[in-house]
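J.: got a predicted structure plus its sequence, pasted below:
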Amino acid sequence: MEIFLATLPQLIVLGISLGAIYALIALGFVVIYSVSNVINLAQGEFLMLGALIFVAVVDLVAQPIGAGLAVFLGLLVSFIATGAIGGLAYTLAFRPAIDRRASVQTLIIISMGVSIVLRAFGNLMWGVDPTSTPAFLPGRTLKNMGLENVTGDSLRLGGVIVQTQSFWIVIALILTVLGLYFFFNRTMTGRALRACAMNPDSARLMGVPLSRMSLIAFMLSAGIAALAGAIIAPMQPVLYTMGLGLGLRGFVSAIMGGIANPVGAIWGGLLLGIVEAVIGGLPQMDVPLLGKVNPASLREAIAFVILLAVLVIRRLRGASGLGGKRFGL
Amino acid sequence: MSLLSITDLSASYGKIQALRNVNLQVNEGEFVAVIGANGAGKTTLLKTLSGLMQAQSGQVQLAGKVLNGLNAENRVGHGIALVPEHRQLFGGMSVKENLLMGSYSRYTSAKKAEIEADVERVYDLFPILRERQNQLAGTLSGGQQQMVAIGRGLMARPRILMLDEPSVGLAPLIVKEIFRVVAALPAQGTTVLIVEQNARQILKLADRAYVLENGVVKLEGVASDLANNPIVQQIYLGHG
């Protein structure tokens, strides 16, 4: 237990960087749900495609144009290409059903179908072998800059070791939130998206075309998920199955925040990341009836347990989540 | 000249016939009222005109252009705006954002200055909104919300503004203030078609009026004549 307490700051730092990724995925769920009432379970697949496209671009151009520029170009291409795939998914799979007033359940099933298709596409295009990409800011660059406390691609700050990539993750979350805030509050298109979320009929009376707004929401959400995928590409194996677990965690984060509440989704993501990291770091315990249990092996189950708990609480409270404000970004 | 021309318009909710062969004309620069009891089809009429509901049969023409088949989001650009029943504001947006949303159909970044000037014009009509411009619309009083709803409708610069029962739930003094502003609109270039239960007041202000009953136009004529019509007096004005 003492060892656990000593590593707690380390676990929380790890949790924040995991949680920032979940928060980015969760924001995608919120944007799509708010505008078009679709719970898009293919969000994780957008992330997967974003990561694979990013790695492919970096592999292709790192030699000729240098690693730094390659990362920038990779992020840009990944955002645009995945956004386009998101738009295509909306146009081909969701829009025909929405135009026929499909139920929320039907739309969820469609999103499952879309995610299967996208996973198969990832498999066909990039095969089954995991790939990876170097950290955006490799340890040796930092060493060359004269920093002493560098091990591999990690930085030692006080007693805590932080992967350099974690900084990029948090920066990506902050920039995305600022960008979305500007977009939703300062541009006419962003305001129109919020208007659709608040009162679709009134928005139509103002001349806002609902289906074009849904298209924009899908493209934007797919693009955000792609950024999340690109940012974690240096930290974990990149392959066609990576979207499943991450998509689920993003979904749970969004539900924790109230599914239509972007601020809640960010808190939900950070909380889930920290809880996962801390429980994963607990020492082995003796549990009556079960014998020795290693909490790290329970990590995978945490998101499911939280999802069930939130849904039960929601039932009991009759509310639409734990947060309140709808689309209050 | 007839600006809005409605010919044999019928509309239904499934098997329930809400409008039956309604004929109605609104001339440029007029203030026309439609009165009738609850469930007479007044709201259905405005929903069908705005495109939120599609007509079953009949024709709607605005300045000679047939609007049938156009969706709500496409009609507003042709110059017809609806201030819907119960205001239907964007409650989580500020007063100013609601007004800006009203200009969506004509918005381009080149027109920003012109649109800001129109926002100021709305503030001149309803000065209290200038003070409240950064407040969330959902937190305003009912009267102020109605002012935002009317202002939002005007922001589209419509040729004809349609209002669905703007007086519902408001204190008499506020109703008077709102009617005063609305009645002045035709002189400023915006034709008005208003639907009201508050027959007594609206017949004093309107140029002409129609009486709708069970989805059918029962009476029509100059507003002051209708106010003196014995049937109207008995049913809608509560005279013996």
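T.: Everything's here; your move. Residues are numbered from 1 along each chain as shown, chains lettered A, B, ... in the order given.
J.: next one: A:Val293 from chain B, what distance?
T.: With distances taken as CB to the nearest CB, to the nearest Å, A:Val293 is found 46 Å from chain B. The way it works is simple: take the backbone N, C-alpha and C, and place the C-beta from them, glycine included.
J.: now swap in A:Ser221 and tell me
T.: A:Ser221 sits 20 Å away from chain B, going by CB to the nearest CB.
J.: residue ranges for the helices of chain B, please.
T.: Secondary structure of chain B (DSSP state H): helices at B:42-50, B:72-75, B:95-102, B:112-125, B:127-131, B:142-154, B:172-184, B:199-205, B:223-228, B:230-235.
J.: need the winner for burial among those.
T.: Each of these was assessed for mean neighbour count using mean count of other CB atoms under 10 Å in any protein chain shown. The highest is helix B:95-102, with a mean of 26.
J.: what's the separation between the closest residue to A:Ile65 other than its chain neighbours and A:Phe183?
T.: If the residues on either side of it in the chain are set aside, A:Ile65 comes closest to A:Leu73, at 7.2 Å by CB to CB, 6 or more residues apart in numbering or on different chains. Separation of A:Leu73 from A:Phe183 (CB to CB, to the nearest Å): 23 Å.
J.: now do residue 210: how many residues are near it, please.
T.: I went with chain A, as the question did not name one. Other residues within reach of A:Leu210, judged by other CB atoms under 10 Å in any protein chain shown, total 19.
J.: chain B, not that one
T.: When neighbours are defined as other CB under 10 Å, B:Tyr210 has 26 of them.
J.: distance of it relative to B:Lys42?
T.: If you measure B:Tyr210 against B:Lys42 using CB to CB, the figure is 10 Å.
J.: now for those two: what residues contact both?
T.: Common neighbours of B:Tyr210 and B:Lys42 (criterion: CB atoms under 8 Å, 6 or more residues apart in numbering or on different chains): B:Val34, B:Ile35.
J.: my read: A:Gln236 touches A:Gly245, true?
T.: No: between A:Gln236 and A:Gly245 there is no contact, the gap being 10.1 Å when judged by CB atoms under 8 Å.
J.: A:Asp129 - that's part of a helix, no?
T.: No: per DSSP: H, G, I helix; E, B strand; the rest coil, A:Asp129 lies outside any helix segment and is coil.
J.: how about the residues of chain B near chain A?
T.: B:50-52, B:71-74, B:76-77, B:81-82, B:84, B:88-93, B:97, B:100-102, B:104-105, B:107, B:152, B:156 (CB under 8 Å from any CB of the partner chain).
J.: what about the lengthiest helix in chain A, distance to the chain center?
T.: Scanning chain A for the longest helix, with DSSP H as the assignment, gives helix A:2-36. Distance of helix A:2-36 from its chain centroid, counting by CA atoms, centre = their mean, to the nearest Å, is 9 Å.
J.: any residue of it touching chain B?
T.: No: using CB under 8 Å from any CB, we find that helix A:2-36 stays clear of chain B, coming within 10.8 Å at best.
J.: list the buried ones in that helix?
T.: By 16 or more other CB atoms under 10 Å in any protein chain shown, the buried positions in helix A:2-36 come out as A:7, A:11-36.
J.: which neighbouring elements make contact with it?
T.: Helix A:2-36 is packed against helix A:43-65, strand A:160-163, helix A:164-186, helix A:188-198, helix A:210-232, helix A:243-257, helix A:262-280, with contacts defined by 3 or more CB pairs under 8 Å, 6 or more residues apart in numbering or on different chains; DSSP states H and E.
J.: residue contacts, whichever residue of chain B sits closest to chain A?
T.: Across chain B, no residue is closer to chain A than B:Ser105, which sits at 3.1 Å (CB to the nearest CB). Under the criterion of CB under 8 Å, 6+ apart, the contact list for B:Ser105 reads A:Met206, A:Gly207, B:Val76, B:Gly77, B:Ala156.
J.: SS state for the residue nearest to it when sequence neighbours are not counted?
T.: Using CB to CB, 6+ apart and skipping the chain neighbours, the partner closest in space to B:Ser105 is A:Gly207 (3.1 Å). At A:Gly207, secondary structure determined by three-state DSSP is coil.
J.: separation between A:Gly207 and B:Met101?
T.: Distance of A:Gly207 to B:Met101, computed by CB to CB: 9 Å.
J.: ok, now A:Gly28?
T.: Counting by CB to CB, the gap from A:Gly28 to B:Met101 is 24 Å.
J.: residues in contact with B:Ala187?
T.: B:Gly29.
J.: rerun that using 10 Å as the cut-off
T.: Contacts were defined as CB atoms under 10 Å, 6 or more residues apart in numbering or on different chains; by that measure B:Ala187 touches B:Gly29, B:Phe31.
J.: just checking, A:Arg191 touches B:Glu97?
T.: Yes: in this structure A:Arg191 lies within contact range of B:Glu97 using CB atoms under 10 Å: 6.0 Å.
J.: list, one by one, the residues from the stretch 101-250 of chain A near chain B.
T.: Residues of the stretch 101-250 of chain A found near chain B, taking CB under 10 Å from any CB of the partner chain as the criterion, are A:185, A:187-189, A:191-192, A:194-199, A:201-213.
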